[in-house]
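# I'd like to go over a predicted model; first the sequence, then the structure.
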Amino acid sequence: MAKIGLFYGTQTGNTQNAAEQIQKALGGPSVVDLIDIANADVDDFAKYEYIIIGCPTWNIGELQSDWQGFYDEGLDSVDFSGKKVAYFGCGDQVGYADNFQDAIGILEEMISSLGGKTVGYWPIEGYEFNASKALRGDKFVGLALDEDNQPELTAKRIQAWAEQLKREFGL
């Protein structure tokens with residue numbers, strides 16, 4: 001079994017693509033298991049000490065549909081105590097400047113309340129948005145990707161974040 005469980009939801013494929021890039025940057029399938037949240041069970045989280053959550057912000061500040069279903073149907077029953085949890089999301093900082101990356105903020109708030117220790121905070125420099133539920137002080141709760149407006153920065157951001165996670169996960 002891999003050391004890290006990466007749980008993602010995707011609508012257009014961007015978040016799945018980012019998840020695959022993150023898996024590769026962290027060392028491949030022997031290090032990171034990819035789990036589509038649509039096929040996940042609450043018990044799947046217990047298998048991992050290190051967890052990565054990937055969710056795009058959908059519509060106007062909402063969770064992606066599979067994550068919304070999981071959030072409503074059982075996320076609050078998962079014990080995240082003692083687990084380090086990192087977040088990444090895809091969003092559109094121009095078209096949805098008032099709720100950029102809200103989904104990872106919503107998930108981080110719930111998972112932190114269930115004992116998860118957030119790692120992988122990401123700087124807001126290089127982004128232009130008005131508001132976000134993913135802000136904690138002057139950082140995002142995790143890696144913010146914008147495939148609509150900054151696709152040329154995605155690979156570089158993923159590489160830098162993966163290096164940061166290796167240190168924070170102690171890998």
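Here it is on my side, so go on.
# outside of the longest helix seen in the chain, which residues touch it?
Determined from DSSP state H, the single longest helix within the chain is helix 154-169. Contact partners of helix 154-169, identified using CB atoms under 8 Å, 6 or more residues apart in numbering, comprise 3-4, 18, 21-22, 25-26, 50, 52, 84, 86, 88, 119-120, 122, 143, 145, 147, 171. (C-beta placed from N, C-alpha, C; glycine too.)
# Just the buried ones from the residues you listed, in ChimeraX syntax?
To isolate in ChimeraX the members of these that are buried, counting by 16 or more other CB atoms under 10 Å, one can use:
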select :3,4,18,21,22,25,26,50,52,84,86,88,119,120,122,143,145,147
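# So which of the contacts of helix 154-169 sit within strands?
I4, Y50, I52, K84, A86, F88, W122, L143, L145 (DSSP state E).
# Okay, now the unreliable bits of the protein?
1-2 (pLDDT under 70).
# And the helices in it?
Going by DSSP H, the chain shows helices at 14-25, 65-73, 102-113, 154-169.
# now those helices as TSV including distance to F129?
Formatted as TSV, the helices of the chain follow (distance: least, CB to CB, whole Å):
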stretch	distance to F129
helix 14-25	17
helix 65-73	21
helix 102-113	10
helix 154-169	15
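# The longest helix of the chain: how far from the chain's middle?
Its chain's C-alpha centre and that of helix 154-169 lie 12 Å apart, by CA atoms, centre = their mean, to the nearest Å.
# tilt between it and helix 14-25?
Here helix 154-169 runs at an angle of 60 degrees relative to helix 14-25 (axes from the mean of the first three to the mean of the last three CA atoms, to 10 degrees).
# Looking at the helices of the chain, which one is packed in the most?
helix 102-113 (a mean of 22; mean count of other CB atoms under 10 Å).
# angle of that one against helix 14-25?
Here the directions of helix 102-113 and helix 14-25 differ by 60 degrees (the same axes, to 10 degrees).
# Tell me the helices and strands packed up against helix 102-113.
Applying 3 or more CB pairs under 8 Å, 6 or more residues apart in numbering; DSSP states H and E, we find helix 102-113 packed against strand 50-54, strand 57-58, strand 62-63, helix 65-73, strand 84-90, strand 117-118.
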